[in-house]
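1. Build me a model:
(one chain, ligands or ions: 1)
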Amino acid sequence: MQYKTFAIIGATGQQGGAIVRHLAKSYPDARIRALTRSPDKPNARALLSLGPNVSLVQASFSDRQSLVEAFADAEVVFLVTDYWNTQNSAISPNLNTEITDGMTAIEVAARSKSLRHFVFGTLLDFAPLSDMKWRNMYHFNTKAVLNHYIRAKPDLWAKTTLVFSPIYYENYLTFDQKFYPMLGGPRKVGDEYVAWYPDGGTSNLSYLSIEDLGKVFGAIIEQPQNYFQKMAVAIGEFFSAQDLIKQWADVVGVKAKIETLSSEEFTDRVGRLGGLEFMALEIYEQMRCLEELGDLRTIQTEIQTIDMSQVVELTSWRQWVAAQDWTEFFHFVS
Ligand SMILES: NC(=O)c1ccc[n+]([C@@H]2O[C@H](COP(=O)([O-])OP(=O)(O)OC[C@H]3O[C@@H](n4cnc5c(N)ncnc54)[C@H](OP(=O)(O)O)[C@@H]3O)[C@@H](O)[C@H]2O)c1
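-> Just a heads-up that it's a prediction; the model follows:
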């Protein structure tokens, strides 16, 4: 591996955290800067126990100079931007914060003298891929703007890799918004768990254990020249919600089924569980769009894509479910 110093944005989160854990374990000689707004918080301090090669650096998108200092001497920068946590007090979708945050980091990266590889954990641009049929997926639209912003800077784009992660398996355990796992709320009816989904749940769509992003990132930095100006597509499973629930029930040893909801019923259910209408709409559209676009490992876009399941072994849903402790989850949904 040809790089020594890494600056990882979102290190206390799921994407950046997976990368820090992989780097700390696989490259003891690398210098890994874990960026966070709050180095004193327990989730940040926990990163220090990964190894002496991990350091915490205080930085925020809202403080450009902190990014300049955090990126200094770094040969590789990983960027992830945060959509969901910027919606906290929103009554309508807030696209501006994520776009501004990402643009700031991109501008600082573009001016870095040391940067050799810029990796952005992003999404495919679904609205045009669906001929603008699904256009309310705001967390996709924001990232599409940022993908374009990078490409508008040819020197930066020449050393950039975009990485597409689909729906995380981890959402089923960690997503704060109770409605997302589609098992949220009091969903046990008799001895059966009832998942809810905005159609029959029979079409296939893409999922990933986001912890595998570490391995994906590792493969990219091992062979950088194969990945510049490309989008690495990381998909662990391409299957239906029916298959997902069936396998989950099978592995954890319970009975479960899917309750099919119309788009109106879906929005209503999300609302009753505390989700805002625009969030229900974008989650609904995301599910339908993912289903309609089909197998994203082979999708054709204006940016060349690489199917990372051909490069690294990605965890199956069944493996991931078997490795989790579901105690708290059962407490929550029963
Ligand atoms: N959930 C899914 O299924 C899924 C699938 C694909 C893509 N995504 C995308 O993934 C993105 C979120 O990534 P994640 O899942 O890794 O998030 P996460 O686990 O919620 O972590 C968010 C990270 O962003 C950092 N952060 C937030 N605001 C910041 C700021 N102003 N300055 C610097 N750092 C900031 C936080 O760091 P500190 O708090 O330590 O400062 C934290 O490490 C979203 O944009 C979402 O659209 C999600």
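2. rest of the way, CA atoms for contacts and neighbours
-> Will do.
3. Pretty sure Lys257 sits in a helix.
-> No. Counting by DSSP: H, G, I helix; E, B strand; the rest coil, Lys257 falls outside a helix, being strand.
4. what helix or strand is the closest residue to Ile19 other than its chain neighbours on?
-> Computed as CA to CA, 6 or more residues apart in numbering, the closest residue to Ile19 that is not its neighbour in sequence is Gly214, at 4.1 Å. Per DSSP states H and E: Gly214 is located in helix 213-222.
5. Over to Ser55?
-> strand 54-58.
6. Quick one: name whatever helix or strand follows that strand.
-> helix 64-71.
7. which neighbours does the helix or strand that that following helix is followed by have in its sheet, and in what orientation?
-> Using DSSP H and E, the helix or strand that directly follows helix 64-71 along the chain is strand 76-80. With DSSP bridges as the test, strand 76-80 is paired with strand 5-8 (parallel), strand 117-122 (parallel).
8. wait, which of those strands is closest to the ligand?
-> Nearest of these to the ligand, taken as CA to the nearest ligand atom: strand 117-122 at 6.5 Å.
9. Need the residues that contact that closest one.
-> For strand 117-122, the external contacting residues (CA atoms under 8 Å, 6 or more residues apart in numbering) are 15, 75-81, 109, 143, 147, 156, 159-165, 224.
10. Filtering the residues you listed by proximity to the ligand, which remain?
-> Residues of the contacts of strand 117-122 in contact with the ligand (CA under 6 Å from any ligand atom): Gln15, Val80, Thr81, Ser165.
11. farthest-separated two in the residues you listed?
-> Thr81 and Ser165 (13.0 Å; CA to CA).
12. List the buried residues for stretch 112-130?
-> 112, 115-127 (16 or more other CA atoms under 10 Å).
13. correction: stretch 87-106
-> By 16+ other CA under 10 Å, the buried positions in stretch 87-106 come out as 87, 93-95, 97-106.
14. Point out where this structure drops to low pLDDT.
-> Filtered on pLDDT under 70, the chain yields the residue ranges 89-90, 175-186, 332-334.
15. mind giving me the domain ranges of it?
-> As recorded under automatic domain parsing, the domains making up the chain are 5-168+206-236+296-314, 172-202+239-290+325-333.
16. ok now do Val254, which residues does it touch?
-> Glu192, Tyr193.
17. Distance of it relative to the ligand?
-> 24 Å (CA to the nearest ligand atom, to the nearest Å).
18. quick one on the thing from earlier: right, and the residue nearest to Ile19 touches Lys25 too?
-> No. The pair Gly214 / Lys25 is not scored as a contact, 10.2 Å apart, by CA atoms under 8 Å.
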